[in-house]
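Colleague: Pasting a predicted model and its sequence here:
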Amino acid sequence: MNWLAAAPATVPPETAQQAIGYPTLFLLVLIGALVPVVPTGALVSGAAVVAFHQTAPFALALVFVTAALAAFCGDIALYWLGRRGMRSRNGSRWLGAIRARAPEDRLAQAQEKLAAHGVAVLVLSRLMPAGRLPVMLACLVAEWPLRRFARGNLPACLAWAVTYQLIGILGGSLFPEPWEGVVAAVVLTLLISVAPGVWRRLRRPGAA
């Protein structure tokens, strides 16, 4: 009987963290794909830092699979909702949210690139800050079937997960403490995400 009482105490802390951490990461990245206000890149980089410092096997691989799958599912769900909005006379709030984050000039650029390069633009759009939704809207306007969008979006999500995981691994390798690596990775990913917007704002007065 004593070994039954002692069994829970022998469960490694990392196992408990993984049981909570991976579903939480999946849910947050999924929500971030649907509602693009959650810094999903920072979440993946932070999770990669924690996994880098763990001794559990395949921790980094699980972060990669979880992040890529969640991003893919979120993108597919948002595209499906966008297609429903395109078919509706009054549109939908999901389609309206996509349009709100895809200005006319960026949509026109996305349409040109999509017509010229096809699926490759989807991969690049996932790696460029604020580039995902204009290209997704361009696919909606071009009436891409869901299956065609999914085929192009799968490598895009894989490349996105690899990129932000590498940022996390870099942060984890530079600092001995996991929290230091998490802070560095999150700051770096946030800087990457806001840099294009700041650059565009700085160029506007000169262009005018």
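Modeller: Ah, there it is.
Colleague: So what's the residue count around Gly32?
Modeller: 20 (other Cβ atoms under 10 Å). In short, each C-beta sits where N, CA and C put it, glycine included.
Colleague: who's in contact with it?
Modeller: 38-40, 43, 74 (Cβ atoms under 8 Å, 6 or more residues apart in numbering).
Colleague: Which helix or which strand is home to Glu81?
Modeller: Not quite, residue 81 is Leu, not Glu. In the assignment (DSSP states H and E), Leu81 maps to helix 59-87.
Colleague: could you point out which element follows that helix?
Modeller: Following helix 59-87 toward the C-terminus (DSSP H and E): helix 93-100.
Colleague: Check which helices and strands the helix or strand following that next one sits against.
Modeller: Later in the chain than helix 93-100, the nearest helix or strand by DSSP H and E is helix 104-117. When contacts are defined as 3 or more Cβ pairs under 8 Å, 6 or more residues apart in numbering; DSSP states H and E, helix 104-117 packs onto helix 119-127, helix 132-141.
Colleague: what sits against the residue positioned nearest the centre of the chain?
Modeller: For the chain, the residue nearest the mean C-alpha position is Thr40 (4.8 Å; Cα atoms, centre = their mean). Residues in contact with Thr40 (Cβ under 8 Å, 6+ apart) are 28-29, 32-33, 67, 71.
Colleague: Same question for Val38.
Modeller: Val38 neighbours (Cβ under 8 Å, 6+ apart): 28-29, 31-32.
Colleague: Highest neighbour count among these?
Modeller: Counting neighbours by other Cβ under 10 Å, Val29 comes out on top of the contacts of Val38 with 28 neighbours.
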